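A.B. asks: Okay, predicted coordinates and the sequence, questions at the end:
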Amino acid sequence: MIVNKKLVFLILLLLGISGLSNAQTEKELRLNIINPGIAWENPIGIKTTIEYNIGIGYNYSYPDLNTIYGEPGFQGQIAPFVDIQGRRYYNLDRVESGKRKSKKFLALRYLFYGPRIAGNVRTNENYSMAIGPTWGFKRNYERWTLLGSLGPVYYFDLTGSRGILPIFFEINFGYRLKGNL
């Protein structure tokens, strides 16, 4: 359990420091539709941002976090979440020149899930966390944004259960309230 606290602290520290050197040009406030919530993306350098996304989402259960009850089959849940990503955009010059329409990024993600609201998941603990690298894209359509990301995650809970999910994906569609039009 001490290792998990140190690991979480290290990840949050890396997310904070990762962008000190080089973001997109404006802050962005967005209401997400697919996983309902609100996201705030803040530039911290020329090509680096930090995005805070808070809401209620649906996800597949992490396999090793429901070992006490061992229910078979697909396990999904609706639960509150906090998703923090330190992003490094790498093709902004091509987007600005009109050669590309989607901004592409590499990110380090920290994802926290609270107690389930609905679903067939019976986990060992009400809270779970995941960290890992991700590759993603973000495409704007006037005030709308399509966002997707993909990457492996290391997940764990407070009972000591943990595992690696080789493919974790996110897709979202949101309405920009402010910024980057």
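C.D. replies: That came through fine.

A.B. asks: Thr134: neighbouring residues, count only.
C.D. replies: 21 (other Cβ atoms under 10 Å). Quick note: C-beta positions are derived from backbone N, CA and C, even for glycine.

A.B. asks: Once you drop chain neighbours, what's closest to it?
C.D. replies: Counting by Cβ to Cβ, 6 or more residues apart in numbering, Gly151 is the residue found nearest to Thr134 once chain neighbours are left out, at 3.4 Å.

A.B. asks: didn't that neighbour look like it was pressed against Ile131?
C.D. replies: No: counting by Cβ atoms under 8 Å, no contact exists between Gly151 and Ile131, whose distance comes to 10.4 Å.

A.B. asks: Give the residues shared as contacts by those two.
C.D. replies: Arg109 (Cβ atoms under 8 Å, 6 or more residues apart in numbering).

A.B. asks: Flag the shaky bits of this structure, pLDDT-wise.
C.D. replies: 1-25, 60-75, 120-124, 179-181 (pLDDT under 70).

A.B. asks: That one: strands as residue ranges?
C.D. replies: 28-32, 37-43, 48-60, 76-89, 102-113, 118-119, 128-141, 144-157, 162-178 (DSSP state E).

A.B. asks: Dump the ones you listed into JSON lines; add distance to Val95 as well.
C.D. replies: Below are these laid out as JSON lines (distance: least, Cβ to Cβ, whole Å):
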{"stretch": "strand 28-32", "distance to Val95": "14"}
{"stretch": "strand 37-43", "distance to Val95": "15"}
{"stretch": "strand 48-60", "distance to Val95": "14"}
{"stretch": "strand 76-89", "distance to Val95": "9"}
{"stretch": "strand 102-113", "distance to Val95": "6"}
{"stretch": "strand 118-119", "distance to Val95": "38"}
{"stretch": "strand 128-141", "distance to Val95": "9"}
{"stretch": "strand 144-157", "distance to Val95": "13"}
{"stretch": "strand 162-178", "distance to Val95": "16"}
